[in-house]
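Undergrad: pasting the structure only:
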């Protein structure tokens with residue numbers, strides 16, 4: 001039994017007077033401490049799956065379980081202590097008029113948790129930022145620093161699962177590598193489980209143990225990292241994604257940050 005279990009998931013939106021099936025019959029399981037990737041072109045349904053898990057998209061069919069338990073609707077506070085999400089745009093996901101200290105402390109306040117100051121400093125240290133950053137505002141940080149803050153906020157309640165929605169696509173290539181290495185380090189140190197969305201197979205290759213390829217809301221195929229590295233795909237669509245990313249993947253493992 002996986003830590004995350006999605007079975008026959010369907011998500012349907014109402015748009016312009018008609019039903020739009022964003023996800024249809026998708027199933028997968030993610031083991032504890034595994035990093036699992038969802039890839040596909042824009043509109044393939046990969047980000048919608050993350051939003052469905054968080055309760056931000058309407059589940060119209062199928063089931064989602066965390067640790068064997070069916071997720072309630074609405075999700076509630078217990079869910080946020082287990083699962084947190086890191087979004088694509090770090091500036092949009094941080095309140096522009098809140099200090100970093102207030103942003104990081106807010107989950108602790110909501111849940112009535114103690115040791116606020118200590119935990120905020122620890123979270124900043126965990127993501128490689130000095131404690132003095134507590135008193136800055138998002139506009140005073142670089143894109144990479146803002147994403148580090150977003151990751152720190154996601155970890156404040158010590159969840160076991162991070163949902164990562166294109167977490168580095170808004171960053172420059174060198175900063176992207178630093179953030180990916182940070183995520184890998186945190187996963188190893190804190191025993192985290194990742195469910196990661198990306199359109200970039202080079203990123204997925206660096207981060208994920210197994211990968212599901214999606215097209216038009218449906219599963220195309222599931223492959224391992226070794227399959228990806230050796231171009232062992234069984235469908236033309238997955239092959240086309242690989243060919244589009246091949247130049248970046250060949251010898252393109254991000255360098256560790258210094």
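TA: Good, I have the coordinates. Note that this is a predicted model, so its numbers are computed, not measured.

Undergrad: all helices of the stretch 151-258 of the chain, in order?
TA: For the stretch 151-258 of the chain, helices defined by DSSP state H, counting those that start in this stretch occupy the ranges 173-190, 201-207, 225-229, 236-249.

Undergrad: So what's the model's average confidence on the longest one?
TA: Same thing as helix 173-190. Here helix 173-190 scores 94 as its mean pLDDT.

Undergrad: now do the second one
TA: The average of the pLDDT scores along helix 201-207 is 90.

Undergrad: hmm, back to that, need the helices of the stretch 151-258 of the chain in CSV (columns: mean neighbour count and distance to residue 32).
TA: Heads up, the C-betas are built off the backbone N, CA and C, glycines and all. Putting the helices of the stretch 151-258 of the chain into CSV (neighbours: other Cβ atoms under 10 Å; distance: least, Cβ to Cβ, whole Å) gives the following:
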stretch, mean neighbour count, distance to residue 32
helix 173-190, 17, 11
helix 201-207, 23, 17
helix 225-229, 16, 18
helix 236-249, 16, 27
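
Undergrad: for residue 136, what are its contacts?
TA: By Cβ atoms under 8 Å, 6 or more residues apart in numbering, residue 136 lies in contact with 99-100.

Undergrad: Kindly state the pLDDT recorded for it?
TA: 97.

Undergrad: on that earlier part again, between the helices of the stretch 151-258 of the chain, which gets nearest to residue 111?
TA: Distance to residue 111, taken as Cβ to Cβ, is lowest for helix 173-190 among the helices of the stretch 151-258 of the chain, at 18.2 Å.

Undergrad: angle of the closest one against helix 236-249?
TA: 100 degrees (axes from the mean of the first three to the mean of the last three Cα atoms, to 10 degrees).

Undergrad: And the helices of the stretch 151-258 of the chain: which comes nearest residue 61?
TA: When these are compared by Cβ to Cβ, helix 236-249 sits nearest residue 61, at 23.3 Å.

Undergrad: So residue 184 versus residue 152, what's the distance?
TA: Distance, residue 184 to residue 152, using Cβ to Cβ, to the nearest Å: 16 Å.

Undergrad: Residue 102 too?
TA: When Cβ to Cβ is the yardstick, residue 102 and residue 152 sit 13 Å from each other.

Undergrad: More neighbours: which of those two?
TA: Applying other Cβ atoms under 10 Å to residue 102 and residue 152 shows that residue 152 carries more neighbours, namely 23 against 15.

Undergrad: close enough to count as contact, the more buried one and residue 126?
TA: Yes - Residue 152 lies in contact with residue 126 (Cβ atoms under 8 Å); the separation is 6.6 Å.

Undergrad: Which stretches in this protein count as strands?
TA: Using DSSP state E, the strands found in the chain span residues 4-15, 18-30, 35-39, 59-66, 69-70, 83-86, 161-165, 193-198, 210-215, 218-224.

Undergrad: Mean confidence (pLDDT) on the second one, please.
TA: Same thing as strand 18-30. Here the average pLDDT along strand 18-30 is 96.

Undergrad: name the helices or strands packed onto that strand?
TA: If you count contacts as 3 or more Cβ pairs under 8 Å, 6 or more residues apart in numbering; DSSP states H and E, strand 18-30 packs onto strand 4-15, helix 46-54, strand 59-66, strand 210-215, strand 218-224.

Undergrad: tell me the angle of that strand relative to strand 4-15?
TA: Strand 18-30 runs at 170 degrees relative to strand 4-15, counting by the same axes, to 10 degrees.
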